[in-house]
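Novice: The sequence isn't on hand, but the structure is:
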């Protein structure tokens, strides 16, 4: 296991460095931070804009290799630079990751757990009403784009609030601005704002994982080791839970790891529509501003999460299936 992790870490390091170089180069060539300053009223003088961009390290008149060298020198020491508004990128990145984490821990974990349980249930009830209902639900959710699903949930919340005459469902933002009260009041308010975007994330997870888990469980139901366990006296459900579930989870390990870690930057539409100030919202806002340092920071974080997801998937695969042997 240690040798497996060691080899994977070496591969991840090479891929990570490659992605960092490409990310910085493509972002610097694609974005125009000068346009952000030109849109201000009144527009600042050209020399002022040049000094500001130079201080941020994103002046397009400086050769790209030189800009990357200065950025990389700071990044090695843990400094990702400043945003186009002059704020430290490190602090903003840490805050945005924490905000996204709250959404993903609830939405993704709920979607994964309920999706696996629903998939197992549908496989056991294959061809029955429960299986057909879950199939219609899954394909219905998966056929709807994420931003449309989020808009439908938001529209439903607005309708409920109008019918009730007061805000029953919080549908935008992380918390209510200017809300007074102790930490219990603040916590309840944050949870209330979290419910709707978490449901959006969870619905997609339930729909996707239930289909994968159903197929994996159907493959296990007809296996010899499961029939042997039943012949020794175990009920079908106990045999499935004790001996079949672990085997059926082996092909799901990759989906679990990639699905959770990459959602930090993949839930862009959900965060934007519900006004949730996480990584996805920050990325879209930074692209609109031409904020090179912030976009690079998000891309670097995304690369790290994807590579970490691959490593976690390999480890989970080896733990769930002891027959696996890596050369």
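Specialist: That came through fine. All values reported here derive from a predicted model rather than from experimental measurement.
Novice: Tell me which helix or strand residue 152 sits in.
Specialist: helix 146-164 (DSSP states H and E).
Novice: Tell me which residues of that helix come out buried.
Specialist: 146, 149, 150, 151, 153, 154, 157 (16 or more other C-beta atoms under 10 Å). All C-beta atoms are positioned from the backbone trio N, CA, C, and that covers glycine.
Novice: Go ahead and confirm the last one touches residue 195.
Specialist: No: at 9.3 Å, residue 157 and residue 195 do not qualify as touching, with contact defined as C-beta atoms under 8 Å.
Novice: list residues touching both of the two?
Specialist: 169, 170 (C-beta atoms under 8 Å, 6 or more residues apart in numbering).
Novice: rewinding a little: output the contacting helices and strands for whatever helix or strand comes next after the helix holding residue 152.
Specialist: For helix 146-164, the following helix or strand on the C-terminal side (DSSP H and E) is helix 183-221. In this structure, helix 183-221 makes packing contacts with helix 89-124, helix 129-142, helix 146-164, helix 245-249, helix 253-261, helix 268-273, judged by 3 or more C-beta pairs under 8 Å, 6 or more residues apart in numbering; DSSP states H and E.
Novice: what's the average pLDDT for helix 183-221?
Specialist: Across helix 183-221, the average pLDDT comes to 85.
Novice: buried sites along it?
Specialist: Quick answer for helix 183-221 (16+ other C-beta under 10 Å): 189-190, 192-214, 216-217, 220-221.
Novice: Same question for stretch 121-130.
Specialist: 121, 122, 123, 124.
Novice: Also compute the angle for the helix holding residue 152 relative to helix 129-142, please.
Specialist: Counting by axes from the mean of the first three to the mean of the last three C-alpha atoms, to 10 degrees, helix 146-164 lies at 100 degrees to helix 129-142.
Novice: Can you tell me, leaving aside adjacent residues, what's nearest to residue 110?
Specialist: Once flanking residues are discounted, residue 110 sits nearest to residue 202: 4.4 Å by C-beta to C-beta, 6 or more residues apart in numbering.
Novice: separation between the one you found and residue 135?
Specialist: Separation of residue 202 from residue 135 (C-beta to C-beta, to the nearest Å) stands at 18 Å.
Novice: again with residue 65
Specialist: 54 Å.
Novice: Please apply the same query to residue 307.
Specialist: 34 Å.
Novice: the more surrounded of the two?
Specialist: residue 307 (19 against 14; other C-beta atoms under 10 Å).
Novice: what packs against the helix or strand containing the more buried one?
Specialist: Using DSSP H and E, the element containing residue 307 is helix 292-320. Contacts defined by 3+ C-beta pairs under 8 Å, 6+ apart place helix 292-320 against helix 2-30, helix 89-124, helix 245-249, helix 253-261, helix 263-266, helix 279-289.
Novice: same thing but at 6 Å, please
Specialist: Packing partners of helix 292-320 (3 or more C-beta pairs under 6 Å, 6 or more residues apart in numbering; DSSP states H and E): helix 2-30, helix 89-124, helix 253-261, helix 279-289.
Novice: And the longest one, how far out from the chain middle?
Specialist: Relative to the centre of its chain, helix 89-124 is centred 8 Å away, using C-alpha atoms, centre = their mean, to the nearest Å.
Novice: could you give the angle of that helix to helix 129-142?
Specialist: For helix 89-124 against helix 129-142, the angle by the same axes, to 10 degrees is 150 degrees.
Novice: I'd like the numbering to begin with 435 instead of 1 from here.
Specialist: Let's use 435 as the start, then, which means that last one is helix 523-558.
Novice: relative to helix 713-723, how tilted is helix 523-558?
Specialist: Using the same axes, to 10 degrees: helix 523-558 against helix 713-723 is 130 degrees.
Novice: Using neighbour counts, pick out the buried residues of helix 523-558.
Specialist: Buried, per 16+ other C-beta under 10 Å, within helix 523-558: 523, 526-527, 530-531, 533-534, 536-538, 540-542, 544-546, 548-550, 552-558.
Novice: Please pull out the lowest mean pLDDT helix or strand from this protein.
Specialist: helix 697-700 (a mean of 58; mean pLDDT, DSSP states H and E).
Novice: how close does residue 478 sit to residue 495?
Specialist: Distance from residue 478 to residue 495, by C-beta to C-beta: 16 Å.
Novice: between these two, who's got more neighbours?
Specialist: residue 478 (13 against 9).
Novice: ok, for the more buried one, nearest residue in space, not its chain neighbours?
Specialist: residue 471 (5.7 Å).
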